[in-house]
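Kindly return the folded structure for what I paste below:
(one chain, ligands or ions: 1)
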Amino acid sequence: MTDDSTSVLLIYTGGTIGMIQNPETGALESFNFDHLLNFVPELKRFNYHISTYSFEPPIDSSDMEPYHWARLVRIVESNYDRYDGFVILHGTDTMAYTASAMSFMLENLSKPVILTGSQLPMGMLRTDGKENLITAIEIAAAKNPDGTAMVPEVCIYFESDLMRGNRTTKINAEKFNAFKSYNYPCLGHSGIDIKIKPERVRRPLPGKPLKAHYLFDTNVVVLTLFPGIQECLISSVFHIEGLKAVVMKTFGSGNAPQKPWFIRLIKEASERGIVIVNITQCQSGSVEMERYETGRQLLEAGVISGYDSTPECALTKLMFLLGHNLPPDQVRRLMNTSLAGEITKE
Ligand code: ASP
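Modelled structure (predicted):
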């Protein structure tokens with residue numbers, strides 16, 4: 001349900017979607033976003049109001065930093081009452097990080113914030129950007145009969161799938177289906193119709209106003225275990241100056257070597273207040289530290305489960321919680337609590 005009073009704010013940050021091929025050099029260059037209508041004249045056919053805001057200059061998403069996330073949150077917060085929904089055009093490379101971070105920064109969100117982008121630039125004939133953009137706008141504007149937003153979440157819409165943002169990972173550098181949500185089903189799909197699955201969508205607590213958060217602490221690291229990993233490597237990671245948290249990517253359902261030096265280093269780091277979160281290197285599935293002896297030892301050494309969190313989500317959630325200056329035990333407790341539907345706890 002939409003009508004001509006419906007309005008969507010389209011925010012362009014950069015990335016392939018807003019590019020055009022220079023006919024002389026063949027290189028991809030950003031086009032002036034004010035000229036978006038030249039590339040997508042279909043936007044004029046929406047019966048609602050679409051405003052645009054562009055990062056100046058647009059940035060490749062590899063250059064995204066937490067202060068850019070804060071800038072996006074500020075744009076959403078300061079325009080919150082004026083629009084029914086928000087669409088963010090973003091490079092695909094770090095879109096899953098931005099979507100995860102924003103899901104924590106926008107507490108009590110009751111309006112859609114839909115991120116999308118494309119694998120081929122808008123200025124190319126076979127672009128996937130048009131469909132992604134047009135459908136993302138439709139989802140951002142979609143309302144239930146009672147006037148509430150159909151999808152009041154931070155999502156990624158890409159190649160027919162609507163996914164909870166903090167559950168997504170970029171899986172393909174080439175094909176059009178660039179994103180996947182392995183551990184939570186899609187919130188909707190687009191085909192002939194756009195079908196939203198209301199039972200999968202999170203609902204805000206009624207009457208609670210939006211609370212925007214801006215603080216981040218980037219003293220975190222991702223450590224991927226591998227057979228043959230050396231004591232000096234683990235030790236130097238755990239002794240990085242100022243380090244507050246580690247996302248440890250373990251084997252299978254959360255397993256790690258049982259070598260005494262390994263467990264000792266983990267234990268010492270935990271006792272020094274470093275929060276160590278265990279997530280699996282597998283794309284799909286969850287950590288279960290109680291299942292094998294190798295996982296149980298980690299638990300006893302102070303490691304906490306990241307459940308079925310994506311690496312992007314575990315990392316940004318840690319940055320977000322540490323940014324609020326919480327003591328390590330509270331960070332550990334909140335890492336084990338679902339704040340925005342990011343982990344599955346049975
Ligand atoms: N490098 C680009 C970016 O992430 C790729 C893309 O947009 O797909 O900004």
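
List, one by one, the residues from the stretch 51-200 of the chain near the ligand.
Remark: the part of the stretch 51-200 of the chain in contact with the ligand comprises D60, S61, S62, G91, T92, D93, G117, Q119, using Cβ under 6 Å from any ligand atom. The way it works is simple: take the backbone N, C-alpha and C, and place the C-beta from them, glycine included.

Measure how buried the fifth one is and give me the count.
Residue neighbour count, defined by other Cβ atoms under 10 Å, stands at 22 for T92.

Not counting its neighbours along the chain, what's nearest H213?
In this structure, H213 finds its nearest non-sequential neighbour in M105, 4.7 Å apart by Cβ to Cβ, 6 or more residues apart in numbering.

Just the pLDDT for the one you found.
Reported pLDDT at M105 in the predicted model: 98.

how near is it to S61?
With distances defined as Cβ to Cβ, to the nearest Å, the gap from M105 to S61 amounts to 17 Å.

just to revisit the earlier point, so what's the residue nearest to H213 up against?
If you count contacts by Cβ atoms under 8 Å, 6 or more residues apart in numbering, M105 has them with W69, A70, V73, A212, H213, Y214, F320.

What backbone torsions are found at the closest residue in space to L89 that isn't next to it in sequence?
Once its chain neighbours are removed from consideration, L89 has its nearest residue in Y12; the separation is 4.6 Å (Cβ to Cβ, 6+ apart). Dihedral pair for Y12: phi -110, psi 120, per degrees, to the nearest 10.

you'd agree Y12 is up against N32?
No: using Cβ atoms under 8 Å, Y12 is not in contact with N32, being 10.4 Å away.

Give me the phi and psi for the nearest residue to S118 once chain neighbours are set aside.
Across the structure, with Cβ to Cβ, 6+ apart as the measure, the residue nearest S118 apart from its sequence neighbours is G129 (3.3 Å). Listed backbone geometry of G129 is phi -70, psi -40, with angles given as degrees, to the nearest 10.

how many other residues sit next to G129?
Taking other Cβ under 10 Å as the neighbour definition, G129 ends up with a count of 24.

That one contacts A136, correct?
No: counting by Cβ under 8 Å, G129 stays clear of A136, with 10.2 Å between them.

Closest approach to the ligand from the stretch 1-150 of the chain, which residue is it?
With distances taken as Cβ to the nearest ligand atom, the stretch 1-150 of the chain approaches the ligand most closely at G91, which sits 1.9 Å away.

Is that residue in contact with G14, as I believe?
Yes: with contacts counted by Cβ under 8 Å, G91 reaches G14, the gap being 5.8 Å.

Kindly check the end-to-end length of stretch 164-182 for me.
Start and end residues of stretch 164-182 are separated by 11 Å (Cα to Cα, to the nearest Å).

Buried residues in it, which are they?
Going by neighbour count (16 or more other Cβ atoms under 10 Å), the buried part of stretch 164-182 is R164, G165, N166, R167, T168, T169, K170, F176, A178, F179, K180, S181.

Closest to C232 out of these?
T169 (30.5 Å; Cβ to Cβ).

phi, psi of the closest one?
Here is the backbone geometry of T169 (degrees, to the nearest 10): phi -140, psi 140.

Poorly predicted segments of this structure, please.
For the chain, the stretches flagged by pLDDT under 70 are 1-4.

Please enumerate the helices of it.
Counting by DSSP state H, one finds helices in the chain at the ranges 36-39, 66-78, 95-105, 129-141, 231-238, 260-271, 293-300, 311-323, 328-335.

so how far is the shortest one from its chain's centroid?
Meaning helix 36-39. Using Cα atoms, centre = their mean, to the nearest Å, the distance from the centre of helix 36-39 to the centre of the chain it belongs to is 28 Å.

List the buried residues for that helix?
Using 16+ other Cβ under 10 Å as the test for burial, helix 36-39 gives L36, F39.
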